[in-house]
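Q: Sequence below, structure please.
(chains A and B, ligands or ions: 4)
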Amino acid sequence: MTKSKKPRLVIVGNGMAGIRTLEELLKRAPDTYDVTVFGQEPRLNYNRIMLSPILAGEKAYQDIILNDWDWYEANNIRLHAGDPVIGIDQKRGFVFSAAGRKVAYDKLLLATGSEPIVIPVPGHKKNGVITFRDMKDVETMIDGAGRLQHAVVIGGGLLGLEAAYGLSTLGMKVTVLHLAPHLMERQLDTAAGTLLKQELERRGLDIILEADTAEITGDDRVEGVRLKDGRSFPADLVVMAVGIRPNTWLARSHGLATGRGILVDDHMITSNPDILAIGECVEHRGLCYGLVAPIWDMARAAADTLAGSDGKGYQGSAISTKLKVTGVDLFSGGDFSGGKGTEDIVFRDAARGVYKRLVVKENQLIGAVLYGDTGDGPWYFQMIKDGTDITPLRGTMAFGQGFEEGALSDPFKAVADLPADAEICGCNGVCKGTIQTAITEGGLTSLAEVRAHTKASSSCGSCTGLVEKLIGFTLGDGYVADSGPKPLCGCTSLDHGEVRRLIVAKGIKDIPSVFQALEWRTPDGCHTCRPAVNYYLLCAWPGEYQDDARARFINERVHANIQKDGTYSVVPRMWGGVTSAKELRAIADVVDKFNIPTVKVTGGQRIDLLGIKKDDLTAVWADLGAAGMVSGHAYGKSLRTVKTCVGTDWCRFGTQDSTGLGVKLEHATWGSWMPHKFKMAVSGCPRNCAEATIKDFGIVCVDSGYELHVGGNGGIHVRATDLLCKVTTEEEAIEYCMAFIQMYREEAWYLERTAPWIERVGIDHIRDRLTSDSEVRIKLRDRFLLSQKDAQDDPWAARAKGVDAHEYQLLATIG
Amino acid sequence: MVKASTFTLVGQRDDIPRLGSRRVRTPAGEIALFRTSDDKVFALRNECPHKKGPLSEGIVHGHSVTCPLHNWVISLETGEAQGADTGCTGKLAVEVRDDGSIYLAIPSGMAEAAVA
Ligand SMILES: Cc1cc2nc3c(=O)[nH]c(=O)nc-3n(C[C@H](O)[C@H](O)[C@H](O)COP(=O)(O)OP(=O)(O)OC[C@H]3O[C@@H](n4cnc5c(N)ncnc54)[C@H](O)[C@@H]3O)c2cc1C
Ligand code: SF4
Ligand code: SF4
Ligand code: FES
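A: Residues are numbered from 1 along each chain as shown, chains lettered A, B, ... in the order given. Ligands and ions are numbered 1, 2, ... in the order given. Have a look, this model is predicted:
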């Protein structure tokens, strides 16, 4: 083995603490070490906190990866994922791995996290008993939920409740068995614990308190759980979530000093000066932590040590917690166990379901429990950390910061007074100062940029509002309102993506159930959310969902375009822009018969009949239908036109039958509802007479085949297409087209055209799914075909026969 | 403003879908009748105070309707534009009797109803 010149750093544990230390180290002293990372889990470094949202169907694995392969590669880090370290030779400075690797170190960092506690009741080794710790557990639960009915979660703490909520959104019947007399007894007081229990029961969980498990029953596989008092509960899956213990095995068995965790000093150094330890596996000043906030502080200290700079070291952390169960707002921080010398300030608003308890000791806030309204959590928490003298605030502090400081008149008040080291984003451990520096030095102006540069607000999103305020505050007038996920509308705090995921995760198929399950703040939503939700249901459950005409804009409800004077315009389909004498004659007759004032050729090669009175619509359609014409969907968020040139049939430059292909495309895709209008074009040669490169999907025929273009737009912001790929046959072109449309239908937000969608997610993401993986593409195409099964009914014909007649007829005429 | 004098039968509540609306034509212009999700019935002149958009074609939510032309939100209770917009559409009194019949208050002189 050749000795490298750089000192060698080996990290054991590819989890949150180990890699965060590495990130901090790279910031301070890039390229100092030759780094090797061992990870027991066979995956990239991911955000463990987000396992709960994955289980609840609110996030996907890709969303929680913290560093991808490129990051490891770009920083020259060797990662051995799936290969745990099993031995340390402290004398000669080596580690050994299970796969037989032997790697020398100059500095060793142990970040082995913790292991879930499994209570050794009889039956705890049966099949179907699992813990909630890593991605593998989550996969087991998701997989089990698809097949099994009853889940029992043992433990009603943070993790247990998140697991229980996740399993119940996956459709399982879930019972939570909790030993203590109220839920989350380490974080909540009785009152908040009771409110939480009621809320979770309302969501369908069964919660049994003071439940002492005696035995897990069943043969090979679990069948139930029996309590000491004799009660028993059926279970196909048992999740043990009763606590964690620092994972000290490696350190302890090699003679490093350990207590409950691996003992470290303020510089994160263990009993061996070349070995550091960090994260949940350590014990610092007598304390072990089970949350990430302390880890970020520890990582800074460890990085200082590794970079050879002094720093003040790690001083211990005050911690706060939140429960990641959508729609349950719960916060607790500091010490609220009460006791001598403490006083409570309690605030309740039963009608709003709000409960706050502030624990005060010697004129300082030492603990806070908030339920139902947690917006002031960070404010209280900062006071706890700072030991602020609250004497002047005492009388009104329960009403929150807004009341206290007249925040209503100054929107930035909430962030203006925070000190630079106040943590804004808990998931990623980003503090105010870091964000402000990134903004001023990096010239950042939007939420998206701040997310990309600092990771703030890029995980659970609960701090998005604060980050936005901070951007506004830092930039003053230079602030351009952001483009990041925003609540869908005023009726909910969920954004488009969350609503979509929850609709799928919860299997909801009609609008009232969406509003109920996702806790809409209004009885029937509004004109913004109803059409969006209706579309998301349609896209998620083709053929099964309950369409709601009242959630559609008037154009889609009456299948014609409303114009400025309240009349309508009607555009029959002309497949690929081709028409005939018969069709033209029928149109001419309709124009005469109904006195239609304007006939105009549209930008999409069709004929628009403008100025039709609503009362005449059905009769106009009946006449057009008699000539074989169907609705052009010119009014819908749906497939509009397929513009074509004449191609090989007539043009001397044509290389392929562009007209024929356009007709085929239109026949394949008409009738499909989309997030927004969708236009296509086919040009027969690169002269591009059909302007295919400003369409949502465009094809330019060339000698050797077909160039497929996507994401073009002639709207307010003109955008030329990106080239997706080149194919050689018409069949392939059509297959890609359907797959692309389906991907757009499934991934874009409602009212987002392909151009902004592609700019948001990146063309590479689209290429990845459509071109590098034919299986993905074919599945998309198949889902498109499935949704088309019922879509290609001509709505005009149905209305001409009397469907929804009330839409077109007066209720009464008076006088 | 249209002044109420006679209540005239214009139809049944079930003729209007929940969260939907129907139009009634009168010599004083078109009237839009709305039925909300809590089964109340409201009547407004079928003209948005902004640029005369037909409110009957809007999306009904809560006790408001959003105009289909430029998304102004109009209160069904008062006829007034909500939020930052200002303007008012005429509101008419309606009564729904126990059997579900809807009576609309229209100015005197046009009391003979012709139920379509
Ligand atoms: C479901 C869930 C939800 C959570 N929610 C929150 C939350 O909302 N807020 C919060 O603050 N915290 C939360 N936590 C806790 C948080 O995830 C942990 O505090 C944090 O991940 C600890 O970081 P760590 O690096 O010390 O341990 P880990 O992230 O667990 O990383 C340790 C890694 O070391 C690996 N390892 C162990 N032994 C070896 C070995 N011998 N060789 C190689 N690799 C090894 C392990 O496989 C693991 O990948 C949650 C945890 C879970 C499980
Ligand atoms: S795009 Fe090419 S083939 Fe089509 S009409 Fe123009 S020149 Fe002819
Ligand atoms: S470009 Fe503007 S004005 Fe012209 S039809 Fe479209 S929306 Fe109307
Ligand atoms: S006409 Fe109603 S909003 Fe413009």
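
Q: Tell me if the helix or strand containing A:Ile54 is near ligand 1.
A: When elements are defined using DSSP states H and E, A:Ile54 is found to belong to helix A:51-55. Yes - residues of helix A:51-55 contacting ligand 1 under CB under 6 Å from any ligand atom: A:51-52. C-beta: built from backbone N, CA, C; applies to glycine.

Q: again with stretch A:442-462
A: No - on the criterion CB under 6 Å from any ligand atom, stretch A:442-462 is out of touch with ligand 1, staying 7.7 Å away.

Q: starting at the chain centroid, how far to stretch A:371-379?
A: How far stretch A:371-379 lies from its chain's middle: 22 Å, per CA atoms, centre = their mean, to the nearest Å.

Q: What residues of the helix or strand where A:Ile778 lies count as buried?
A: Element membership for A:Ile778, per DSSP H and E: helix A:774-788. For helix A:774-788, the buried set under the neighbour-count rule, 16 or more other CB atoms under 10 Å in any protein chain shown, comprises A:777, A:780-781, A:783-784, A:787-788.

Q: so what secondary structure elements neighbour that helix?
A: If you count contacts as 3 or more CB pairs under 8 Å, 6 or more residues apart in numbering or on different chains; DSSP states H and E, helix A:774-788 packs onto helix A:730-747, helix A:763-770.

Q: Including distance to ligand 1 and mean neighbour count, could the ones you listed go into TSV?
A: Compiled in TSV, those are given as follows (distance: least, CB to the nearest ligand atom, whole Å; neighbours: other CB atoms under 10 Å in any protein chain shown):
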stretch	distance to ligand 1	mean neighbour count
helix A:730-747	26	21
helix A:763-770	26	16
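
Q: Quickly, which of those helices bottoms out on average pLDDT?
A: Here the lowest mean pLDDT among the helices and strands packed on helix A:774-788 goes to helix A:763-770, at a mean of 91.

Q: Using CSV, write down the CA coordinates of that helix.
A: In CSV, the C-alpha atoms belonging to helix A:763-770 read as follows (Å, rounded to 0.1, in the frame of the first residue of the first chain):
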residue,chain,number,x,y,z
ILE,A,763,-34.8,18.8,-18.4
ASP,A,764,-32.3,16.2,-17.1
HIS,A,765,-34.9,14.8,-14.7
ILE,A,766,-37.3,14.4,-17.7
ARG,A,767,-34.6,12.8,-19.9
ASP,A,768,-33.7,10.5,-17.1
ARG,A,769,-37.1,9.1,-16.7
LEU,A,770,-38.1,9.0,-20.4
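
Q: The residue nearest the centre of chain B sits in which helix or strand?
A: The residue at the geometric middle of chain B, judged as the C-alpha nearest the mean C-alpha position with CA atoms, centre = their mean, is B:Ala43 (2.3 Å). Taking DSSP H and E as the criterion, B:Ala43 maps to strand B:41-45.

Q: Over to A:Val590?
A: helix A:581-593.

Q: Mind giving me the packing neighbours of the helix holding A:Ile54?
A: Applying 3+ CB pairs under 8 Å, 6+ apart, one finds that helix A:51-55 contacts helix A:61-64, helix A:135-147, helix A:158-169.

Q: Pull the residues that contact that helix.
A: If you take CB atoms under 8 Å, 6 or more residues apart in numbering or on different chains as the criterion, helix A:51-55 is touched by A:59-61, A:64, A:132, A:134-135, A:137-138, A:141-142, A:159, A:162-163, A:165-167, A:169-170, A:324-325, A:460.

Q: Swap in 10 Å and give it another go.
A: Contact partners of helix A:51-55, identified using CB atoms under 10 Å, 6 or more residues apart in numbering or on different chains, comprise A:46-47, A:58-61, A:63-64, A:132-135, A:137-139, A:141-142, A:145, A:158-159, A:161-167, A:169-170, A:323-326, A:459-461, A:498, A:501, A:505.

Q: can you pull the buried residues of stretch A:702-716?
A: Buried positions in stretch A:702-716, judged by neighbour count with 16+ other CB under 10 Å: A:705-713.

Q: do stretch A:154-174 as well
A: Residues of stretch A:154-174 classed as buried: A:154-170, A:172-174 (neighbour count, 16+ other CB under 10 Å).

Q: Next: stretch A:532-546.
A: Residues of stretch A:532-546 classed as buried: A:532-542, A:545 (neighbour count, 16+ other CB under 10 Å).

Q: and those residues, which two are the farthest apart?
A: With distances taken as CB to CB, the most widely separated pair in the buried residues of stretch A:532-546 is A:Ala532 and A:Pro542, at 16.9 Å.

Q: The residue in the stretch 401-550 of chain A that ligand 2 sits nearest to: which element?
A: Using CB to the nearest ligand atom, the single residue of the stretch 401-550 of chain A nearest to ligand 2 is A:Cys539, 33.6 Å away. Taking DSSP H and E as the criterion, the element that holds A:Cys539 is helix A:529-540.

Q: what about the closest residue to A:Ala257 other than its chain neighbours, distance to A:Glu215?
A: What sits nearest to A:Ala257 in space, not counting adjacent residues and going by CB to CB, 6 or more residues apart in numbering or on different chains, is A:Ser271, at 3.8 Å. To A:Glu215, A:Ser271 is 41 Å away according to CB to CB, to the nearest Å.

Q: low pLDDT regions in the chain?
A: The chain I'm using is chain A. A:1-4, A:350-351, A:402-414, A:417, A:426-427, A:458-463, A:477-485 (pLDDT under 70).

Q: hmm, I had chain B in mind actually
A: When the per-residue scores of chain B are filtered using pLDDT under 70, the ranges that remain are B:1-5, B:107-116.

Q: which residues touch the residue lying farthest from the centre of it?
A: In chain B, the residue that sits farthest from the middle, by CA atoms, centre = their mean, is B:Ala84; the gap is 22.1 Å. For B:Ala84, the contact set (CB under 10 Å, 6+ apart) comprises B:Trp72.

Q: so it sits in a strand?
A: No - remark: B:Ala84 does not belong to a strand; assigned using DSSP: H, G, I helix; E, B strand; the rest coil, it is coil.
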